[in-house]
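S.K.: Quick one, structure for this:
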Amino acid sequence: MRRELAWSIVAAQVVLLAALALMPHGSLWPLHPAIVAVALLLGAAGIVLATLAAIRLGDALTPSPIPKQHTPLATTGVYGLMRNPIYTGIILVGAGMTLFGASTWHIGALVALLVLLAVKARWEERMLAATHPDYPAYARRVGRFLPRIGRLRGR
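M.R.: Below is the predicted model:
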């Protein structure tokens, strides 16, 4: 059941990203060149961040929130700045698509993506803490999606 739920979360994530990419453009704000530039920068930054994080994970990389067994905990590179840089990259890409899409539907899909990734991250982090004894100390030092923001509290 746990694996099915994990892959359902991954499928929902893909559906939300596809929706952001395929929904028709709205009219909440005009598409000025500056807005297009910011949207492209957000998307490019997200792709670069997620790529760097994926490279750092190497063999430990999996789309599922269930960590692979017998892989080391990544705490260096972009993982020294944030615990979930791939999710942050996905959020940046989604924000860029939302800015470009300019519709309430885009905003709703982005909010749904944020909630989904927050739930996915918390579940994944519980499993990482159970697998890696040094994870709680790491999570107290490093923010969840942004540097220093979302650090775990506690001893």
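
S.K.: in the chain, which ranges drop under the pLDDT threshold?
M.R.: Applying pLDDT under 70 to the chain flags the ranges 1, 154-155.

S.K.: let's see it at 90
M.R.: Scanning the chain for pLDDT under 90 picks out the ranges 1-7, 31, 58-60, 62-70, 148, 150-155.

S.K.: so how far is the helix ranked longest in it off the chain centroid?
M.R.: If each helix of the chain is counted by residues according to DSSP state H, the longest one is helix 104-131. Put simply, helix 104-131 sits 7 Å off its chain's centre (Cα atoms, centre = their mean, to the nearest Å).

S.K.: name the helices or strands packed onto the next helix-or-strand element following it?
M.R.: Next in sequence after helix 104-131, counting helices and strands by DSSP states H and E, comes helix 135-141. Judged by 3 or more Cβ pairs under 8 Å, 6 or more residues apart in numbering; DSSP states H and E, the packing partners of helix 135-141 are helix 104-131. In this view, the C-beta of every residue, glycine as well, is placed from N, C-alpha and C.

S.K.: if we can go back for a sec, can you list the buried residues in the longest helix of the chain?
M.R.: For helix 104-131, burial by neighbour count (16 or more other Cβ atoms under 10 Å) applies to 105-106, 109-110, 112-114, 116-118, 120-121, 123-125, 128.

S.K.: I'd like to know how far Met97 sits from Val115.
M.R.: Separation of Met97 from Val115 (Cβ to Cβ, to the nearest Å): 17 Å.

S.K.: Please apply the same query to Thr71.
M.R.: 27 Å.

S.K.: Point me to the helix or strand that includes the residue positioned nearest the centre of the chain.
M.R.: Nearest residue to the geometric centre of the chain (Cα atoms, centre = their mean): Tyr87, 1.1 Å. Taking DSSP H and E as the definition, Tyr87 sits inside helix 85-101.
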